[in-house]
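Asker: missing the sequence, but the structure's below:
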């Protein structure tokens, strides 16, 4: 609501005037946009460049590690890195487990993650340490491993490990919404989904994108109309899972959300497989990194 008029005694009247004032300003702004659009059309190629609204994204600090499409050094590294085998045709196979203690909500999230990724399986952890689980999973042909961690019976973290030799990424998990909590949700089919990775632009982001890409096959079944989106915005990675839907006439398309819905934020990327004591870190978030709201890493 617009700003209340201090010189009007009646509170309801002040609110009414503020509402009208806000509506008039919105109308004037819309009219200015229409006029600018007409001027641009009249000037054609001589029209001034379109103004870009100022935001944290458009004003982000310069990062020299941003990957260019034709960067030969990055393409050379991609050809020999830990994910190269997957991107040249190897099939993904993911083991999902949890912390020592779980809850019905955690198990429901695990079930939906199994539905999300083809060739994903859940195995109960029990009291076992992660190191022997990782070794056993590698011996059984798993290419990826995910560990959902929790606190107070709520999912708070996600570890993603590339088998057999790493790297290992640790994410903080927030804003989890299960399928039953999403209005008008659908149920996923067994079709292999299309994967969409958005805005992983830096060297670190490129590497995290390849880690996520290794969880999904490279031959999506488009007729299944499933799409999994991992969208990075200001270092928050939003995971969404949808199905394309079409009207009876086929002239209109829309999306039906399948779940789960969650947000991830990278805390660390470690060389090798899970070792919080002696592991070497490629990147680790520390409080001194939060010196500017316009500084992003992915």
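Answerer: Right, received. Where do you want to start? These numbers were taken from a predicted model, which means no experiment stands behind them.
Asker: flag every buried residue along stretch 173-185.
Answerer: Buried residues in stretch 173-185, counted by 16 or more other Cβ atoms under 10 Å: 173, 176, 178, 179, 182, 185. For every residue, glycine as well, the C-beta is placed using N, CA and C.
Asker: what are the ranges of the strands in the protein?
Answerer: Taking DSSP state E to define them, one finds strands in the chain at 94-98, 120-122, 144-151, 154-162, 168-177, 194-198, 226-233, 236-246, 253-257, 261-270, 281-284.
Asker: highest mean neighbour count out of those strands?
Answerer: Between the strands of the chain, strand 94-98 has the highest mean count of neighbours, a mean of 22, where neighbours are mean count of other Cβ atoms under 10 Å.
Asker: what does it rub up against?
Answerer: Applying Cβ atoms under 8 Å, 6 or more residues apart in numbering, the contact partners of strand 94-98 are 106-107, 110, 113-114, 117, 119-125, 133, 137, 142-150, 215.
Asker: below-threshold pLDDT in the stretch 51-200 of the chain: ranges please.
Answerer: Where the stretch 51-200 of the chain drops to pLDDT under 70, the residues are 51, 54-59, 61-63.
Asker: thought residue 155 was touching residue 146?
Answerer: No - counting by Cβ atoms under 8 Å, residue 146 is not a contact partner of residue 155; they are 11.6 Å apart.
Asker: now do the contacts for the closest residue to residue 114 other than its chain neighbours.
Answerer: Distances taken as Cβ to Cβ, 6 or more residues apart in numbering place residue 120 nearest to residue 114, at 4.8 Å, with adjacent residues excluded. Neighbour list for residue 120: 93, 94, 95, 96, 113, 114, 146, 215 [criterion: Cβ under 8 Å, 6+ apart].
Asker: would you list the strands of the chain in TSV and tack on distance to residue 33?
Answerer: Below are the strands of the chain laid out as TSV (distance: least, Cβ to Cβ, whole Å):
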stretch	distance to residue 33
strand 94-98	48
strand 120-122	47
strand 144-151	46
strand 154-162	42
strand 168-177	33
strand 194-198	27
strand 226-233	25
strand 236-246	29
strand 253-257	27
strand 261-270	32
strand 281-284	42
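Asker: pull out the buried residues from stretch 103-119.
Answerer: 106, 108, 109, 110, 112, 113, 114, 115, 116, 117, 118, 119.
Asker: check contacts around the closest residue to residue 166 other than its chain neighbours.
Answerer: Nearest non-adjacent residue to residue 166, counting by Cβ to Cβ, 6+ apart: residue 272, 4.0 Å away. Neighbouring residues of residue 272 by Cβ under 8 Å, 6+ apart: 165, 166, 167, 168, 279, 280.
Asker: perfect, that will be all.
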